[in-house]
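Sequence first, then the predicted structure, then my questions.
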Amino acid sequence: MSVATIEVSLTALLNNVAYLRKICPTSQIMAIVKANAYSHGKEKVAILLDNYVDYFGVARLEEGIDLRKKGIQSPIVLLEGFFLHDDPSLLQQYGLETVIHCSQQIDALARLPKTMSISCWFKIDTGMHRLGFRIDQAVDYFKQLACCEAVKKPINIISHFCSADNLTANETMTQISLFDRFIDQIDDSSLLGKQTIAASGGILAWSESHRDVIRPGIALYGVSPFDYNEDGKATGMQLGLRPVMTFKSEIITIREHNKNEAVGYGQIWRSEQDTCLGVVAMGYGDGYPRDILPGTPVWINGRLVPIVGRVSMDMILIDLGLNSDDQAGDEVIFWGNEALPVEKIAAYSGMSAYELLTRITERAKLRYVD
Ligand SMILES: *Cc1c(COP(=O)(O)O)cnc(C)c1O
């Protein structure tokens, strides 16, 4: 291992699926594998989980087609639906299910041959105001969709929370009641398929929202959707999950460094005493944030040491102290072990854990363990 590495624990992933089943015993699981499974490698993750979850969720048509070409058998749902420039008959060809969130999509399905049978997830906007039918128009559009012969019945119903990570917001209960009111307004209940609202925040904090299908993304990867340091729900580990990713690299070389010498671009740090610096093969070219707070810890040989100077594209300097036994080639962990959860690094970076995971670049190599 001589480069930035994304180590993925398949045991941790299965542990998290089992944990989610335990806390949502009557729900099916739609594993969210968009954005390359939050940088965990969507194909490998999906192949492993194919027999353990009920659906996969992706953001884009291309992601769904990729998974089918890799032999994934479970139903795959396009969370943003097909785009208007896409050919909707590809849904049939690749056996993909689609969210329907706007009337132009209904028009496109209405033009398909009636021999087709496309599974749909009708999206209602209960407060996110991003995708979905406005609540005052949703019943009419639902009836229109149900009239399309190429649309398979029953039709599933989906919505999405805007503030489920806020444990005290009233908005989530308002969204749930709007969802329920919509369901009540559909007279022909034989048209109503599965209901789904909860992503990780809903799953972990709002049991009223579990319904027929839960849609875990970040929780699947063992990471908390909540802000660090809030109400004791700081990390995935504290919630009962196990972090799936360890983001690591190794020391290229160790340098002696004198008191008062500055380090790196812009000379933003000077040592207060003689010390040894480790030069690590990791940088913003691998996705580590350039603007992280000085002093952010990394893990090496059983202890935390600080990052010093500015993060460069390919290298990071760490202060090992004068009498360290560390050597070139030693492993350096940037996040993912018990002492260094990604949620903590998120707090140092001013970014969310979601962004830290998904911004890792292709240069970092994926490695699957246990
Ligand atoms: C991304 C996404 C999810 C998963 O969200 P997490 O917070 O990572 O669990 C679920 N549903 C939809 C519609 C999404 O876009």
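Looks like it arrived, so ask away. The structure presented is a predicted model; accordingly, all values stated were derived computationally and were not measured. Numbers count the residues shown, from 1 in each chain.

drop to CA atoms for contacts and neighbour counts, all remaining ones
Will do.

The closest residue in space to residue 47 that isn't next to it in sequence and residue 46: what is the separation?
Sequence neighbours aside, residue 72 is the residue nearest to residue 47 in space, at 6.3 Å (criterion: C-alpha to C-alpha, 6 or more residues apart in numbering). When C-alpha to C-alpha, to the nearest Å is the yardstick, residue 72 and residue 46 sit 7 Å from each other.

If you count surrounding residues, which of these two has more?
residue 46 (24 against 20; other C-alpha atoms under 10 Å).

tell me which parts of the stretch 101-250 of the chain are close to the ligand?
Neighbours of the ligand within the stretch 101-250 of the chain, by C-alpha under 6 Å from any ligand atom: 160, 199-200, 215-219, 225.

Let me see the ranges of the strands in the stretch 1-150 of the chain.
With strands called from DSSP state E, counting those that start in this stretch, the stretch 1-150 of the chain shows them at 5-9, 28-32, 55-58, 76-78, 96-100, 120-125, 133-134.

Could you point out which of these sits nearest residue 362?
strand 5-9 (10.2 Å; C-alpha to C-alpha).

what mean pLDDT would you report for the closest one?
Across strand 5-9, the average pLDDT comes to 98.

now stretch 190-204
98.

again with stretch 34-42
The predicted model gives stretch 34-42 an average pLDDT of 98.

and it, how far out from the chain's middle?
Here the centre of stretch 34-42 is set off from its chain's centre by 7 Å, with C-alpha atoms, centre = their mean, to the nearest Å.

per-residue confidence for residue 230?
48.

so residue 366, which of the three states?
strand (DSSP: H, G, I helix; E, B strand; the rest coil).

Neighbours of it, how many?
Residue 366, neighbours per other C-alpha under 10 Å, totals 18.

Among the residues of the stretch 101-250 of the chain next to the ligand, which lie within helices?
residue 200 (DSSP state H).

Which of the residues of the stretch 101-250 of the chain next to the ligand has the largest number of neighbours?
residue 219 (29 neighbours).

Would you mind listing what in the stretch 251-370 of the chain touches the ligand?
Residues of the stretch 251-370 of the chain lying near the ligand (C-alpha under 6 Å from any ligand atom): none found.

Try it again at 8 Å.
Proximity of the stretch 251-370 of the chain to the ligand (C-alpha under 8 Å from any ligand atom) is limited to residues residue 354.

And the helices in the stretch 251-370 of the chain?
According to DSSP state H, counting those that start in this stretch, the stretch 251-370 of the chain carries its helices in the segments 342-349, 353-358.

mind putting these in TSV, mean neighbour count and mean pLDDT included?
What follows is those, written out as TSV (neighbours: other C-alpha atoms under 10 Å; pLDDT from 0 to 100):
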stretch	mean neighbour count	mean pLDDT
helix 342-349	22	95
helix 353-358	19	98
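
Next, work out how far apart residue 367 and residue 345 are.
Separation of residue 367 from residue 345 (C-alpha to C-alpha) stands at 21 Å.

any chance you could map the helices in the stretch 101-250 of the chain?
103-110, 138-146, 171-185, 200-205, 236-239.

of those, which approaches residue 35 most closely?
Here helix 200-205 is closest among the helices of the stretch 101-250 of the chain (C-alpha to C-alpha), at 16.0 Å.

Need the residues that contact that closest one.
24, 161, 164-165, 167, 209-210, 214-219, 224-226 (C-alpha atoms under 8 Å, 6 or more residues apart in numbering).

if we go to 6 Å?
If you take C-alpha atoms under 6 Å, 6 or more residues apart in numbering as the criterion, helix 200-205 is touched by 164-165, 216, 219, 225.

Equivalent analysis for stretch 96-115, please.
Residues from elsewhere that reach stretch 96-115 (C-alpha under 6 Å, 6+ apart): 76-79, 81, 119-123, 131-133, 145, 148-150.

Kindly report the same for stretch 319-337.
Under the contact criterion C-alpha under 6 Å, 6+ apart, stretch 319-337 has outside partners 245-253, 275-277, 298-300, 306, 341-342.

taking those residues one by one, which sit in strands?
245-253, 275-277, 298-300, 306 (DSSP state E).

And those, which two are furthest apart?
245 and 275 (31.2 Å).

More neighbours: these two, which one.
residue 245 (29 against 17).

so who does the more buried one touch?
Residues near residue 245 by C-alpha under 6 Å, 6+ apart: 7-8, 336.
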